[in-house]
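Chemist: Got a sequence here, can you model it:
(2 chains)
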Amino acid sequence: MNLSLLIILPLLTALLILLSKQLAQIRVIGLVGSIAQLGTASWLLKLYMDQRAAGNTATHLFETNAVWFKALNINYHIGIDGIALAMILLTSLIVVAGILVSWTMEKLSKEYFFLLVLLSMGAYGFFISLDLFTLFFFLEVAVIPKFLLIGIWGSGRKENSAMKLALMLMAGSALVFVGLMGIYYNTHTFDMVEIGKMGMSLGVQKFFFPFLFLGFGIFAALFPFHTWVPDGHASAPTAASMFLAGISMKLGGYGCLRMAALMPDAAHAYSWVIILLATIAIIYGAFATMMQTDLKYINAYSSISHCGFVILGIGMLNKTSINGAVIQMVSHGLMTALFFAAIGMIYSRTHTRMVAQLGGLLKAMPFISTVFVIAGLCSLGLPGFSGFVAEMTVFMGSWQNPDGVYRAATVISAASIVVTAVYILRATGRTIMGPISDEHALLSDASWNEKLAAGLLIIGILIIGLAPFLINQLIMPTTDFLMININKAITLK
Amino acid sequence: MSSNIFILLRQELILSLLIFILLFIKIGKERGNESVLNLINGLLVVNLAVGLFGMSEGGIFNGMFTTNAFIVLEKNILNLALLIISMQSYAWLKNHKQLAEFYLLIFTSMLGMFFMISSGNLLMFYLGLEMSTIPLAAAANFDLAKRKSSEAAMKLILSSAFSSGILLMGISFLYGTTGTLSFDVLTAHITNNPMQIFAFILVVSGFAFKISAVPFHLWTADVYEGSPVAVTAFLSVVSKAAVLFTFTSILYKVFTPIATVWYSVLVVLSIATILIGNLFAIRQDNFKRFLAFSSIAQVGFILIGISGSAKAGSASLVYFVLIYVFSNLAAFGVVSVVSALAGKENISDFKGFYKTNPFLSWVLTIALFSLAGVPPTAGFFGKLFLMMAGAAKNNYGLIIFASLNMVVSFYYYLKVVKAIFMDENDAPIQKLSIPKITQLAMYICIAGIIITGLASLVYDYIYSLSIGI
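Modeler: Numbering: from 1, shown residues only, chains lettered A, B, ... in the order given. Predicted coordinates for the structure are as follows:
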């Protein structure tokens, strides 16, 4: 199968949306396009598993390598491994859900759907890239839609949040670019596969790794560059919040992981810094969430904490922890998307997101409340949901690191779960239970599109939560391969 | 031999022919402005087409005038820019009384640039430079009723005269120490001799004036603001590009023996230019001043590209200029239409612009994104390739500085986008009806912005022609 389909499909959808005239037409095209993406991604999964079952042990499958800028040795090199495929599946699921929850968007709907689809194109392109230049290209493609989505359709101090987000993400890409230049002029290629084979001297790695890791780290809400997250998420319209937390932050996590695998020596040398920052993010995010009174801010700050686990897993640099980091990325993507969807549904009916003004919603909207509770329970890591599997794996991996400081970091991070339980239970309790105000009592429950969106995401969460071996089967061979590179660095030391 | 001259000089000859035609139009029967404009635009298409086919290489007039495929390409880019500017100023020129004179001045200036780019001798170069500058000063005065326009013209002519003086001084020092003005002979005589270094600094200062690199940029904003939009566009795109082309070829051809000197000079210039351009652009409200400062910052990026390896440097320069033609002219086109039809030139006037003029808003937005260097627009590739060329010297401090400054420039471009899409305004600019021909020019620009970047063959083509040291 040609992976370019994953870029062409969204592009085609976006163009058709531009050409269409009526609202109904736009919606249907958006939905059909996103379902086609989901279908393609699932089909890809089947093909991938078939190939693996047939004994194909190549690192990347479905590779295409075409020359793009010949003079500069820039290639359009795409291909997927298990981790990339997991991210693609996540993206396609969230895109469908995002389109569904924006069904009733009427303000400039054409532009809105166009930008959503464009954003998804950036994400797909990013995940399938094996060439660093292409990777960088798609990373930046995804920034502008975010700026416009938040700035035009957002709420609150939307212009400020949009500007802050765009500038911080651009600063992240600027750092990534410096790192890319360093790699390019030391290896004379952008091809990740070739660079992986060639390797770089320790000095080069140590100089350029921080640029790349921090650059991607900004996208992944790495402390202290997380400040765009709360404002950005809180101001964004529902679908954009879902995309931001569910897809966009994953670009950062995925990038960090790839860079760690590409420059393993430097990753080892700096692993204590990474772990320190991740632990701070986890604890800081959890405590900051406790202080929030706005549902969206609660979810945004808790995302900082949850994404900390991703970075922690990467920083620990062993097989289990990296596996955990990948599962956490998928799980967090689904879970926050679900959370934001539920918050969006509540907000569109009650016109408030303040916990204090809500209460007893279970009586008026049982479906939405259930969704809300499920998202909450997944977030606090209840067994049976994906959050538990992911965090558990990260902790198990981290604990394997016998160093005292690393153990301490693991214990401290694990303790944050208690804080998570406090804020999640408090928020859900106050919103769902208790007396309901008179004006809220008459509100309607979820419509078909909202039910469908939530259902899709819940299915994803449950599959990972109840049958974790499925996702393990997908990503494990790839992590094994990454570990070969990473372990080589350890033994060399 | 004589037919050879016609081929080598074809771009210059056709332009001279156009100038004569203009004179005949002027003394001929009185016609409506619109038919004259259509005729001129048609002639400009012919002018562009003549350059496109057939490459020729060689020198005439004892090496005074040289040309090759790369130089023809550079001239083609300038011709294209001229055509786009002309199409976009339709609304402004339609009601202008001195239409023919305006074109006369612009064409003459263009002819000067062609000779300057092709020069193989400092004398020829100087002649071309002056021929391109003096008519421009007159053209800057073409908003006849506005006092600011005359002021701009005065400032332009004075600062040009001053910079030409500096340049001449540098040239005479070079002549004094080497005894020649011909590029080919000069190279062999240039050493680290302090007198020659001094001469070099003077020459670079003269160039820096023309491309408005900091600290020689002070005339730029006022001149840009006062001149009519068409002249501003011409100054900021065509005239700057022509001087940059010449500057690069002189650096690479003549001053190769002191490459380390000019490398450090370029680095200092580019850092100052990017920084000052960016910091001042943030504070501007007048759109033309804003574009003036942002173009100063762009020149800083160009200098980084030139400072790198020669082949990639000149290729990325020409590539960037081509992209810059599309993006900057798209932005100027919108400003020009709004200025001519609604009489507004401030960024704050553009608040809520999207509600009334979605087409113009998208054109402006795409242009600004391209200027900022956001993919998938061509500006992304242009800027990146400039920096890649610069990074070849392994000066990562410079690359870090430049890429962080890209974020700053991103801020002020996004501020305009924010005004267009997000800010509320009770009295936005009314719905404008754009002339068909201007609309066409905008479509050309947008197509250029998208295709020049993604289609790699444009860059590969330029790179294949590019000649390094």
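Chemist: and the stretch 1-150 of chain A, which residues reach chain B?
Modeler: Counting by CB under 8 Å from any CB of the partner chain, the stretch 1-150 of chain A comes close to chain B at A:67-72, A:74, A:137-138, A:140-141, A:143-144, A:147-148. Placement of C-beta: from N, CA and C, glycine included.
Chemist: Between the residues you listed, identify the one with the most neighbours.
Modeler: A:F147 (28 neighbours; other CB atoms under 10 Å in any protein chain shown).
Chemist: OK, now which residue of the stretch 51-200 of chain B is nearest to chain A?
Modeler: B:F70 (14.4 Å; CB to the nearest CB).
Chemist: So the closest residue to chain B within the stretch 151-300 of chain A: helix, strand or coil?
Modeler: Closest contact between the stretch 151-300 of chain A and chain B, by CB to the nearest CB, is at A:A174 (3.9 Å). Here A:A174 is recorded as helix under DSSP: H, G, I helix; E, B strand; the rest coil.
Chemist: Is it in contact with B:S403, as I believe?
Modeler: Yes - with contact defined as CB atoms under 8 Å, A:A174 reaches B:S403; the gap is 3.9 Å.
Chemist: Comparing these two, which residue is more hemmed in?
Modeler: Ranked by neighbour count (other CB under 10 Å), A:A174 and B:S403 place B:S403 first, with 25 against 22.
Chemist: Check the gap between the more buried one and B:S56 for me.
Modeler: 40 Å (CB to CB, to the nearest Å).
Chemist: Which strands border the host helix or strand of A:N65, and is each parallel or antiparallel?
Modeler: A:N65 is part of strand A:61-69, with elements assigned from DSSP states H and E. Using DSSP bridges, the strands paired with strand A:61-69 are strand A:74-80 (antiparallel).
Chemist: Would you mind pulling the contact partners of the strand it pairs with?
Modeler: A:3-4, A:44, A:48, A:60-68, A:88, A:127-131, A:133-134, A:190-193, B:456 (CB atoms under 8 Å, 6 or more residues apart in numbering or on different chains).
Chemist: I'd like the mean pLDDT over that strand, please.
Modeler: Averaging pLDDT along strand A:74-80 gives 91.
Chemist: Counting by contacts, list what the host helix or strand of B:I71 packs against.
Modeler: Here B:I71, judged by DSSP H and E, is contained in helix B:69-88. Helix B:69-88 sits against helix B:10-27, helix B:33-52, helix B:99-118, helix B:229-233, helix B:240-253, helix B:310-342, helix B:436-454, helix B:456-465, with contacts defined as 3 or more CB pairs under 8 Å, 6 or more residues apart in numbering or on different chains; DSSP states H and E.
Chemist: got a markdown table for those helices, with distance to chain A and mean neighbour count too?
Modeler: A markdown table is the format used below for the helices and strands packed on helix B:69-88 (distance: least, CB to the nearest CB, whole Å; neighbours: other CB atoms under 10 Å in any protein chain shown):
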| stretch | distance to chain A | mean neighbour count |
| --- | --- | --- |
| helix B:10-27 | 26 | 16 |
| helix B:33-52 | 22 | 16 |
| helix B:99-118 | 23 | 23 |
| helix B:229-233 | 25 | 28 |
| helix B:240-253 | 17 | 23 |
| helix B:310-342 | 7 | 26 |
| helix B:436-454 | 9 | 19 |
| helix B:456-465 | 4 | 18 |
